[in-house]
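**Q** Sequence unavailable; structure follows:
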């Protein structure tokens, strides 16, 4: 049986984490959940000691019940001892926990980090893969294997020496380039196993066995185990010449690691390897000369001698263990003169246990990859694009046509026109809508980091690289869409690398040696004049043509000014909910200014202007000219003078409303806040018709 290696929590935890305080607000907790993607939030005191956890479920439940965002999280904190461990404890404990993460503390209960199940599984799987690679390298057999595309995926050191080829230059290449005479492609096609074939490679005599690699009934590759038997053939010649036959065979058997037994034509054991004797827990003197049925439980060696039929890879129980054994008749001049048996695996349980553990980890990794895919989903559809102008409707119709193709799309338009909104909608309207939608802002990522961000990097690719490497945005978007925003700000050196990805449809990680095929649809966007940049030598013309297969020009707000009222009321209603206001109308005078403004910032500027106006409105139900900024009015707006009594009454009414809000409806406290008596306070409530508040 396999046992998972012990690994301390501090060795695999993520330390880039901090906790919230008890007086933190609900709003801060929501931001924390969004930034960290955890199911629980650690809550600490001023000394960073872990006080408890705030479950995301509890937080969302409060939010869904209109919980006040400014309230603190104190009432939601739970003290769950099962969700944290000490940093020196065994990290394997997380595999039995029902949570996605557990928090790591020191002996003073101070928060040190977080251990996620995905990080733990990745570490254990990497260790298993390393162990399997060690087994492949430590075996005495030469091994070479190919995948279903006939590319070399395994080539151990012994195979490298026998074939006189370089492993680094061979891995990933087609077998026809590495070893033109290989028969593995035939195994891949016919799915048949070939045992003990003698071939000649570079004046060497090679004994090889080939078999298909099968998964769920489908052939996924082929593997060959072989050895150089040039010297063994010389020994066979000596045997044919009757030169010390017994001594030579005994020498081979004594040095063989595998379990081997030889019987004569009557089924009596004539030779057996030390490894097999040890497996049977016997002594050599108790075995030689005895009938095979007296020594090996459930053997069929005597049957193979009788019928002369080979038996390959049969399961046989010996004692409390299972083994996989092959039995081959020895034929001389057309007659069976004996048989050879070979033990392939000494404990089938270990093989099955290894398979089950790897299979379980693969399933859990697929689950976490599925959760990662959920995070990379598009949010908007064409229904979220507001407006009814002809220019906008024509643009939407064109975008819908483009979404039904698999061509690259270039979205052009001024800043703030909604290019990203169109990218989301195109993806959601395409056949790739069930795939990931990954966004990359080319202008926001430093030039020196852009390559590793787009294509990922291998473990140890550069100083400071994350252990185990990192997956890139293109690989995350495999099977879906990648949105390259601000494509006009991409450095020239990265433009050439992006061009290669588009042409070859494959990526190569930073520090990697093996390219990976990807299936990604590119949507790019920019507010720059790429053709002008090409003429200045600032943008590659060939990349422009690759991206500009299907072009969509998003109109500016000034080009569709008839949509300004619709958009204004859309933002007004959204901000009413956000700021708890009751503004019902925008005045005609206000719309005159909004429609005549040039809107250099387009829809984003309009939304900001409406939001600014909403912040200036107190209890009014109409947005008017006085709420608009100077940039929209074109000059400083002069308000009409008002009666002092009206101004004071309005201020007094607003002060009363604010005091009631601050005291959460407690009229006595509200009166104290204002510094007036309860009788006076109630008189003013009646005066301003505020008794129902």
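**A** Done, it's in. What you are looking at is a predicted structure, and each value in this text was computed from that prediction instead of being measured.

**Q** So which residues of the stretch 151-300 of the chain form helices?
**A** 157-163, 167-170, 175-178, 184-190, 230-240, 245-255, 274-279, 292-295 (DSSP state H, counting those that start in this stretch).

**Q** how about low-confidence regions in the stretch 551-693 of the chain?
**A** 635-642, 647, 693 (pLDDT under 70).

**Q** at 50 what do you get?
**A** Along the stretch 551-693 of the chain, segments meeting pLDDT under 50 span 637-638.

**Q** Over to the chain?
**A** 1, 239, 242-245, 248, 255-256, 348, 351, 637-638.

**Q** Domain ranges for it, per the record?
**A** Domains of the chain are assigned by automatic domain parsing as 9-117, 139-231, 244-350, 376-555, 558-633, 644-687.

**Q** quick one, which of these is nearest to residue 129?
**A** domain 376-555 (11.2 Å; C-beta to C-beta). For the C-beta atoms, the positions are set from N, CA and C on the backbone; glycine is no exception.

**Q** now the closest one, how far from the centre of its chain.
**A** Centre-to-centre, domain 376-555 and its host chain are 19 Å apart (C-alpha atoms, centre = their mean, to the nearest Å).

**Q** same thing with stretch 305-321?
**A** Distance, centroid of stretch 305-321 to centroid of chain: 45 Å (C-alpha atoms, centre = their mean).

**Q** Other residues contacting that stretch?
**A** Contacts with stretch 305-321, where a contact means C-beta atoms under 8 Å, 6 or more residues apart in numbering, come from 193, 195, 263-267, 279-281, 296-300, 304, 322-329, 331, 336, 338-339, 344, 346-349.

**Q** Report the buried residues of it.
**A** By neighbour count with 16 or more other C-beta atoms under 10 Å, stretch 305-321 contains the buried residues 305, 311, 312, 316, 318.

**Q** Keep only those of these that are in helices.
**A** residue 305 (DSSP state H).

**Q** The stretch 551-693 of the chain: strands as residue ranges?
**A** Using DSSP state E, counting those that start in this stretch, the strands of the stretch 551-693 of the chain run over 585-586, 622-623.

**Q** strand partners of the last one, parallel vs antiparallel please.
**A** Based on DSSP bridges, the strands next to strand 622-623 in the sheet, each with its direction, are strand 585-586 (parallel).

**Q** roughly how far out does the strand it pairs with sit from the chain middle?
**A** Using C-alpha atoms, centre = their mean, the offset of strand 585-586 from its chain centre is 47 Å.

**Q** mind starting the numbering at 58 from now?
**A** Noted, 58 is the first residue going forward, which turns the last one into strand 642-643.

**Q** Residues contacting it, please?
**A** Outside strand 642-643, the residues touching it (C-beta under 8 Å, 6+ apart) are 622, 625, 626, 629, 651, 678, 679, 680.

**Q** Count residues in the vicinity of the nearest residue to residue 228 once chain neighbours are set aside, would you?
**A** Once flanking residues are discounted, residue 228 sits nearest to residue 209: 5.6 Å by C-beta to C-beta, 6 or more residues apart in numbering. A count of nearby residues for residue 209, using other C-beta atoms under 10 Å, gives 23.

**Q** Residue 209 against residue 201, yeah?
**A** Yes - taking C-beta atoms under 8 Å as the definition, residue 209 is a contact partner of residue 201 at 6.8 Å.

**Q** could you dump the domains of the chain to TSV with distance to residue 184?
**A** Formatted as TSV, the domains of the chain follow (distance: least, C-beta to C-beta, whole Å):
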stretch	distance to residue 184
domain 66-174	11
domain 196-288	19
domain 301-407	16
domain 433-612	11
domain 615-690	49
domain 701-744	56
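
**Q** Looking at those domains, which is nearest to residue 187?
**A** Of these, nearest to residue 187 by C-beta to C-beta is domain 433-612, at 11.5 Å.

**Q** need the contact list for the closest residue to residue 575 other than its chain neighbours.
**A** Once flanking residues are discounted, residue 575 sits nearest to residue 535: 5.0 Å by C-beta to C-beta, 6+ apart. When contacts are counted by C-beta under 8 Å, 6+ apart, residue 535 touches 492, 493, 575, 576, 577.

**Q** From these, list just the buried residues.
**A** If we count by 16+ other C-beta under 10 Å, those have these buried: 492, 493, 575, 577.

**Q** Who's the closest spatial neighbour of the first one, skipping the chain neighbours?
**A** If I follow you right, that is residue 492. Nearest to residue 492 is residue 537, by C-beta to C-beta, 6+ apart, at 2.8 Å.

**Q** Surely that neighbour is in contact with residue 575?
**A** No - Residue 537 sits out of contact with residue 575 when judged by C-beta under 8 Å, with a separation of 10.4 Å.

**Q** What is the distance between whatever helix or strand residue 86 lives in and the centre of its chain?
**A** Assigned by DSSP states H and E, residue 86 belongs to helix 83-93. Mean-position distance between helix 83-93 and its chain equals 22 Å (C-alpha atoms, centre = their mean).

**Q** could you say what helices and strands it packs with?
**A** strand 97-101, helix 113-121 (3 or more C-beta pairs under 8 Å, 6 or more residues apart in numbering; DSSP states H and E).

**Q** how long is stretch 591-602 end to end?
**A** From its first residue to its last, stretch 591-602 covers 11 Å (C-alpha to C-alpha, to the nearest Å).

**Q** Which residue, neighbours along the chain excluded, lies closest to residue 512?
**A** Here the residue nearest residue 512, using C-beta to C-beta, 6+ apart, is residue 529, at 4.2 Å.

**Q** Next, the contact list for the one you found, please.
**A** Per C-beta under 8 Å, 6+ apart, neighbours of residue 529: 509, 510, 511, 512, 513, 514, 564, 566.

**Q** The second one is in contact with residue 497, isn't it?
**A** Yes - look at residue 510 against residue 497 with C-beta under 8 Å: they come within range, at 7.1 Å.

**Q** what is in contact with the two at once?
**A** residue 530.

**Q** between those two, who's got more neighbours?
**A** The residue with more neighbours, out of residue 510 and residue 497, is residue 497; 22 against 17, by other C-beta under 10 Å.

**Q** Name the residues of stretch 340-351 that are buried.
**A** Buried-residue list, stretch 340-351, by 16+ other C-beta under 10 Å: 344, 349.

**Q** do stretch 320-339 as well
**A** 320, 322, 324-326, 328-330, 332-334, 336-337.

**Q** Check the contacts of strand 642-643 for burial and list the buried ones.
**A** Buried among the contacts of strand 642-643 (16+ other C-beta under 10 Å): 625, 629, 651, 680.

**Q** Kindly reformat the strands of the stretch 608-750 of the chain as a markdown table containing distance to residue 89.
**A** As requested, these are exported to a markdown table (distance: least, C-beta to C-beta, whole Å):
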| stretch | distance to residue 89 |
| --- | --- |
| strand 642-643 | 37 |
| strand 679-680 | 35 |
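
**Q** partners of residue 268 in the sheet?
**A** residue 280.

**Q** thought it was touching residue 250?
**A** Yes - counting by C-beta under 8 Å, residue 250 is a contact partner of residue 268 at 4.4 Å.

**Q** Show me whatever sits in contact with both of these two.
**A** residue 244.

**Q** more neighbours, the two?
**A** The residue with more neighbours, out of residue 268 and residue 250, is residue 268; 19 against 13, by other C-beta under 10 Å.

**Q** Tell me who's in contact with the more buried one.
**A** By C-beta under 8 Å, 6+ apart, the neighbours of residue 268 are 244, 250, 251, 279, 280.

**Q** Try it again at 7 Å.
**A** By C-beta atoms under 7 Å, 6 or more residues apart in numbering, the contact list for residue 268 reads 244, 250, 280.

**Q** again with residue 741
**A** Contacts of residue 741 (C-beta under 7 Å, 6+ apart): 709, 713.

**Q** With residue 563 as the reference, measure out to it.
**A** Residue 741 is 75 Å from residue 563, where distance means C-beta to C-beta, to the nearest Å.

**Q** show me the contacts for the closest residue to residue 462 other than its chain neighbours.
**A** Computed as C-beta to C-beta, 6+ apart, the closest residue to residue 462 that is not its neighbour in sequence is residue 607, at 6.5 Å. Applying C-beta under 7 Å, 6+ apart, we find residue 607 in contact with 459, 462, 464, 466.
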